[in-house]
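Engineer: 3D, please:
(one chain, ligands or ions: 1)
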Amino acid sequence: MNLGGEGPPAEALRQSLRALESLAGPTLLIDAQTRVLALGAQASALLKGRLKPGQRLAEAFEAGLAEKLRTALRAHEELPLASLEAASPGAPSALRLRATDLTEGNRSGGWAIHLAVVPEDSGGPEELFHGLWTQEPHMRRLFRTIERAARSGASVLVRGESGTGKELTAHALHTLSSRAKGPFRAINCAALSPSLLESELFGHVRGAFTGAVRDSPGHFRLAGGGTLFLDEVAEMPLELQAKLLRVLETHSVIPVGGRESISVDVRIVAATHRALRREVEQGRFRADLMYRLRVVPLFLPSLRERPGDILPLAGRFLKDLNARGGRQVLRFAAPARRLLQEYPWPGNVRELRNVMEYAHVMGEGPVLSEAELPPEFHEPLSVGLKPSNAGDTHRPAIGAPVSLDDIRRALAQTQGNRAKAAALLGISRITLWRRLRQDAGPRG
Ligand SMILES: Nc1ncnc2c1ncn2[C@@H]1O[C@H](COP(=O)(O)OP(=O)(O)OP(=O)(O)O)[C@@H](O)[C@H]1O
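Structural biologist: Residues are numbered from 1 along each chain as shown. Here you go, the predicted model:
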């Protein structure tokens, strides 16, 4: 086994792998080029010796899976980043892969890949948990983690793409906590200008700025005894991050324009679609605040990563729509099922609900056909919505000009929400607005 000159001694590595396997199950380590560095005994047995150190993943798995895996690995997630299912050749079951990025700073460390066998029919028992429905075992395990985190009272950071249920999760954490009788307040840090966000969060005193005609308590005080949900926390400007950290450390706020600090008793649940660790590395987020917020990190998988949930969830939304009267949809036509299953769902469950509403209204009769699905289902993937992978694939390189196409894609992905689209692209709302106006200019 050649691990290169700098690697750990083979025996130490074998021991680490043994330990890893006893904690996380079958595990293998690969380098940045997806070449296998080492396999644990469990992984080796599971793969029936098909994969050997030195081999690339593509040599052991069918081409489609190797490509999917590479795409997921390139996305550079900090937590279990992808569950990829594929028929493992020669076996009646499917293999699920979860990868953890081992990169430290600029030094690419490759990935640890954890393997699990899932039965061909992975549809396990279903569960509806505080508005979140699933039949995916991984999601059900997440629900148990939410229950435990709720009881602990620790700060929770929820990570997931738009529409994956971050706010529902925050609400569940509140409802299941000892603060359930207190208020639940939510604020979207991407939707407000920095000064408005500051006064909305921390409050202001009368006369603090033009228009401040009376004192305002701010969300921290309004959420007293309860939970404050800070959505899209990564979009918070650095100076406000410093102020937020101070509030969390001192348990007190000083309203804008005020002198007195006022004590507050609030549990924070924060959410973001970004990898906070990467934001910290790039100087956009304070490391001390990240550690403060992510005492318990929770990762909500995208709908693409739990394809078994797509059709049952679509069916549930249709049932709700049928119950309103009017059209009664009883089943999907086979091509519609296929399109729903293959679509990348950049807007996740929220988008699925909207698509079902559209189709329910647009069509007639008991069978929902592919023609009733919205236009994006009939465009080639290259011009339609691509999987967003936490939105970051649509973010142009820093300093690169943002094209109108980038803006259109981001707007489609955020269902027309300009603040979120601008945040996704890493530009200000004003720049986004100007760019759209420039485009509209010649036409009127
Ligand atoms: N697992 C799920 N089961 C049923 N409905 C879901 C599920 N996940 C999300 N939804 C639906 O999607 C909607 C959006 O959920 P939520 O607001 O929690 O997402 P979010 O991740 O906070 O989105 P955003 O980041 O865009 O604010 C919910 O109102 C609900 O209808």
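
Engineer: near the ligand, which residues of the stretch 101-250 of the chain?
Structural biologist: 132-134, 160, 162-168, 231 (Cβ under 6 Å from any ligand atom). C-beta here means a position set from N, CA and C on the backbone, and glycine is covered the same way.

Engineer: Go through those and give me the one with the most neighbours.
Structural biologist: T164 (27 neighbours; other Cβ atoms under 10 Å).

Engineer: which phi and psi does that residue have?
Structural biologist: phi -90, psi -10 (degrees, to the nearest 10).

Engineer: Make 19 the starting number, not 1.
Structural biologist: Renumbered: residue one is now 19, and that last one reads T182.

Engineer: excluding its backbone neighbours, what's nearest it?
Structural biologist: L318 (4.2 Å; Cβ to Cβ, 6 or more residues apart in numbering).

Engineer: The one you found contacts A188, correct?
Structural biologist: No. Counting by Cβ atoms under 8 Å, L318 stays clear of A188, with 10.9 Å between them.

Engineer: what sits in contact with each of these two?
Structural biologist: With contacts taken as Cβ atoms under 8 Å, 6 or more residues apart in numbering, L318 and A188 have V176 as neighbours in common.

Engineer: Name the helix or strand of this structure that has the lowest mean pLDDT.
Structural biologist: Lowest on mean pLDDT, DSSP states H and E among the helices and strands of the chain sits strand 102-105, with a mean of 37.

Engineer: Buried ones in stretch 344-358, by neighbour count?
Structural biologist: Buried residues in stretch 344-358, defined by neighbour count with 16 or more other Cβ atoms under 10 Å: 345, 347, 350, 354-355, 358.

Engineer: Sketch out the low-pLDDT regions of the chain for me.
Structural biologist: 19-27, 78-115, 126, 135-142, 397-420, 444, 446-448, 451-452, 454-462 (pLDDT under 70).

Engineer: any idea how it splits into domains?
Structural biologist: Structural domains annotated on the chain: 28-136, 146-317, 322-396, 418-461, as defined by automatic domain parsing.

Engineer: So R116: helix, strand or coil?
Structural biologist: strand (DSSP: H, G, I helix; E, B strand; the rest coil).

Engineer: residues near it, how many?
Structural biologist: 22.

Engineer: That one and R159 touch, don't they?
Structural biologist: No. In this structure R116 lies outside contact range of R159 using Cβ under 8 Å: 11.9 Å.

Engineer: CA atoms only for stretch 204-221 - export them in PDB, please.
Structural biologist: Coordinates of each C-alpha in stretch 204-221 appear next as PDB, following Å, rounded to 0.1, in the frame of the first residue of the first chain:
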ATOM      1  CA  ALA A 204     -37.900  34.100  13.100                       C
ATOM      2  CA  ILE A 205     -35.800  36.700  11.200                       C
ATOM      3  CA  ASN A 206     -34.200  36.300   7.700                       C
ATOM      4  CA  CYS A 207     -30.700  37.900   7.800                       C
ATOM      5  CA  ALA A 208     -30.500  38.000   4.000                       C
ATOM      6  CA  ALA A 209     -33.800  39.900   3.500                       C
ATOM      7  CA  LEU A 210     -32.900  43.100   5.400                       C
ATOM      8  CA  SER A 211     -30.300  45.900   4.900                       C
ATOM      9  CA  PRO A 212     -27.500  45.800   7.500                       C
ATOM     10  CA  SER A 213     -29.000  48.800   9.500                       C
ATOM     11  CA  LEU A 214     -32.500  47.500   9.400                       C
ATOM     12  CA  LEU A 215     -31.300  44.000  10.500                       C
ATOM     13  CA  GLU A 216     -29.400  45.600  13.400                       C
ATOM     14  CA  SER A 217     -32.400  47.400  14.700                       C
ATOM     15  CA  GLU A 218     -34.800  44.500  14.000                       C
ATOM     16  CA  LEU A 219     -32.500  42.200  16.000                       C
ATOM     17  CA  PHE A 220     -31.300  44.300  18.900                       C
ATOM     18  CA  GLY A 221     -34.000  47.000  19.000                       C
END
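
Engineer: Right, I'll call it a day here.
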